[in-house]
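**Student:** Next input, structure requested:
(one chain, ligands or ions: 1)
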Amino acid sequence: MATPRTMMELWTTLGSTIASFMFVWAIIRQFFPVELRRYLGSYTHRLVDYFYPYIQITIHEFTGSHLKHSEAYSSVEAYLSTNSSKIAKRLKAEVGKDSSKLLLSMDEHERVTDEFNGVQVWWLSSKVVSLSRAMSYYPEPERRYYRLKFHKKHRDMITETYLEHVLNKGKEIKRQNKQRRLYTNNSSSSIKYSSRRQTLWSHIVFEHPATFETLAMEPDKKQEITEDLLTFSKSKDYYARIGKAWKRGYLLHGPPGTGKSTLIAAMANFLSYDIYDLELTAVKDNTELRMLLIGTTSKSIIVIEDIDCSLELTGQRKKIEEKPLDSNKGKKEAGKEPKDEGGSKVTLSGLLNFIDGLWSSSGGERIIVFTTNYVEKLDPALTRRGRMDKHVEMSYCNFEGFKVLAKNYLEVEAHPTFDLIQKLMKEALITPADVAENLMPKTATENADVCLSNLIRALNEAKDLKKNEPAKVEAMSTDTEKEPVKVEVMLLDQPKDITGSTEGTSKGGSMLLDPIKDPVKVDEMLPDKQEAAAIL
Ligand SMILES: Nc1ncnc2c1ncn2[C@@H]1O[C@H](COP(=O)(O)OP(=O)(O)OP(=O)(O)O)[C@@H](O)[C@H]1O
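**Tutor:** Sure, this is the predicted structure:
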């Protein structure tokens, strides 16, 4: 017990000696001439620096003579918010800029410890209050700062690696906390008459709840997409090394209601990216397209929906490339109102240039997503790999997909009706949108049992519809000039004998037809003669 007491006494004595010395020194130095005081001051600093083993770096809230908000400060603040909310005892809560979330950060004069590669560092939060602040007519804002302290032997590691890590992590956290935005392009006509300050894009807050967990899709496919997105988002150095624009093209194709838009929302939420919904029909020409694309920010998904309707990309590339496109036509056919009456002169080559990285000069990563209900109609120039790196087929709902939706909509993971639903799903084609519609309770009294029986009814109807479908014909060859056409006939509910006999087969079959010799037979076989002509 004697040693601690001696130590205590030693510290107490040392403390009071230093305090007395400081006090005496403060009195004496007043009588020293200014020059001498400065001289002594500089020596004191040097002496302290010599023995003091730590280095301090200060990051101020405002920088420059115009007191601009420092990006480094806000990044450090975001970085420390994750640490300090767990460690610090005094926190402050603020609603962040562009965010609806309450963000916690360490309060003034609070200290937290951080560790990086086994090295300990200390962060202090503090502020400078100007003395003239209270008296001044235009009080200066408080200037907050963070101070980082570390041992001088780690100088290189901290200044080269740790600070970069803090800034990158902080930026990432800021982006995740930021409200996501959904941008749409303004039609050319509205830009013409608008004030100069109006931009080409308008935005709203993007709050789509879709995630990969709530998406009805085969688990393997989900994993493949999420891995692809993650790899892409971390490949900055790779793209820089190979000298390519940091972009990735996705083509989502499948019937309406299979979740193409939902997948885009899930991708945006997964990566915390903004979405630019590019309505090509509202774009006047290639120059405007270029301006729009240059106006997009990095870490965004640029979406061109129903590309088959936006541009007539069904013909030969050459013809289309030269021809200005009346894109309104396609949209009207799709039952959508075009935004711009004048029609768009965006060409396929303009679009291809853009996909090939026209905007690469603006830096940062972008994902471009095209969606279509008719992938076979698109020009191969648009869909070839390299432009569209990933083709994702969105298909009808299967039992796995149904289970995801049942969990989302009804919070049901097992039910006596599941076996029947599984059987029916093999026999009927139903989109995830239709499944979702049936599973959604319409009134407060509709429980899971009611919703599931609604779905069973819908599945039975879809099954009957499929049975009653007219004969489906598949042409195996299209060369009608020389070869006979092999036609596969699938006769389901109502057998229809193509040879005129009333005895048909419900199983279907195939036969060789010569379109020159047997035109009538081929015609008869199809309910729609035009369809026959198209196939042959
Ligand atoms: N795979 C899916 N997973 C979860 N929900 C889905 C899925 N597919 C469709 N839905 C539901 O159906 C609705 C319509 O789907 P969505 O708009 O994503 O389909 P789409 O394929 O983009 O259709 P369109 O081609 O008509 O634009 C969505 O709001 C969602 O609720």
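
**Student:** What is the burial count for the one residue in the chain that gets nearest to the ligand?
**Tutor:** Here the chain gets closest to the ligand at one residue, residue 259, 2.6 Å apart by C-beta to the nearest ligand atom. C-beta here means a position set from N, CA and C on the backbone, and glycine is covered the same way. Neighbour count of residue 259, defined by other C-beta atoms under 10 Å: 23.

**Student:** give the contact list for it.
**Tutor:** For residue 259, the contact set (C-beta atoms under 8 Å, 6 or more residues apart in numbering) comprises 215, 216, 217, 394, 432, 433.

**Student:** Would you point out the most distant pair within those residues?
**Tutor:** The two members of the contacts of residue 259 with the most space between them (C-beta to C-beta) are 217 and 433, at 13.3 Å.

**Student:** Looking at the two, which one has more neighbours?
**Tutor:** Using other C-beta under 10 Å, the more surrounded residue of residue 217 and residue 433 is residue 217, with 24 against 18.

**Student:** Among the contacts of residue 259, name the ones that also lie close to the ligand.
**Tutor:** Contacts with the ligand within the contacts of residue 259, as defined by C-beta under 6 Å from any ligand atom: 215, 216, 217, 394, 432, 433.

**Student:** Surely the fifth one and residue 405 touch.
**Tutor:** Yes: assessed by C-beta atoms under 8 Å, residue 432 is found in contact with residue 405 at 6.4 Å.

**Student:** Next, show the common contact partners of the two.
**Tutor:** 216, 397.

**Student:** quick one: which of these two has more around it?
**Tutor:** Comparing residue 432 with residue 405 by other C-beta under 10 Å, the one with more neighbours is residue 432, at 24 against 21.

**Student:** Retrieve the pLDDT associated with the more buried one.
**Tutor:** Residue 432 is assigned 95 on the pLDDT scale.

**Student:** which residues touch it?
**Tutor:** If a contact means C-beta under 8 Å, 6+ apart, then residue 432 has 216, 257, 258, 259, 396, 397, 401, 405 as its contacts.

**Student:** mind listing the strands for the stretch 51-200 of the chain?
**Tutor:** 54-60, 62-63, 68-69, 91-95, 102-106, 111-116, 119-128, 143-151, 181-185 (DSSP state E, counting those that start in this stretch).

**Student:** Quick one, which of the ones you listed gets closest to residue 283.
**Tutor:** For residue 283, the closest of the strands of the stretch 51-200 of the chain is strand 181-185, at 6.7 Å, according to C-beta to C-beta.

**Student:** What is that closest one packed up against?
**Tutor:** Where contact means 3 or more C-beta pairs under 8 Å, 6 or more residues apart in numbering; DSSP states H and E, strand 181-185 is packed against strand 201-205, strand 274-277.

**Student:** Low-confidence bits of the stretch 301-450 of the chain, can you list those?
**Tutor:** The stretch 301-450 of the chain contains residues with pLDDT under 70 at 311-344, 357-363, 385.

**Student:** what about the strands in the stretch 301-450 of the chain?
**Tutor:** Taking DSSP E, counting those that start in this stretch to define them, one finds strands in the stretch 301-450 of the chain at 366-372, 390-393.

**Student:** And for the shortest one, what's in contact with it?
**Tutor:** The contact list for strand 390-393 (C-beta under 8 Å, 6+ apart) reads 221, 225, 228, 248-254, 263, 375, 383.

**Student:** so what strands line up beside it?
**Tutor:** Applying DSSP bridges, strand 390-393 is found paired with strand 247-253 (parallel).

**Student:** So which residues lie in contact with the strand it pairs with, not counting its own?
**Tutor:** For strand 247-253, using C-beta under 8 Å, 6+ apart, the contacting residues are 228, 232, 260, 263-264, 267, 355, 357, 360, 365-375, 383, 387-394.

**Student:** among those, which ones are buried?
**Tutor:** Buried residues within the contacts of strand 247-253, counting neighbours by 16 or more other C-beta atoms under 10 Å: 228, 232, 260, 263-264, 267, 355, 365-373, 375, 383, 387-388, 390, 392, 394.

**Student:** Next to the ligand in this structure, residues from the protein, please.
**Tutor:** Residues of the chain lying near the ligand (C-beta under 6 Å from any ligand atom): 215-217, 256-262, 373, 394, 432-433, 436.

**Student:** In whichever strand or helix holds residue 17, which residues are buried?
**Tutor:** Assessed by DSSP states H and E, residue 17 sits inside helix 2-30. When burial is assessed from 16+ other C-beta under 10 Å, helix 2-30 yields no buried residues.

**Student:** what's the domain layout of this protein?
**Tutor:** For the chain, automatic domain parsing gives the domain ranges 23-52, 54-129+141-177, 184-321+343-393, 402-482, 485-525.

**Student:** most packed of those domains?
**Tutor:** domain 184-321+343-393 (a mean of 17; mean count of other C-beta atoms under 10 Å).

**Student:** before we move on, back to that, ok, so of the residues of the chain next to the ligand, who is nearest residue 24?
**Tutor:** Closest to residue 24, out of all of the residues of the chain next to the ligand and judged by C-beta to C-beta, is residue 215, at 74.7 Å.
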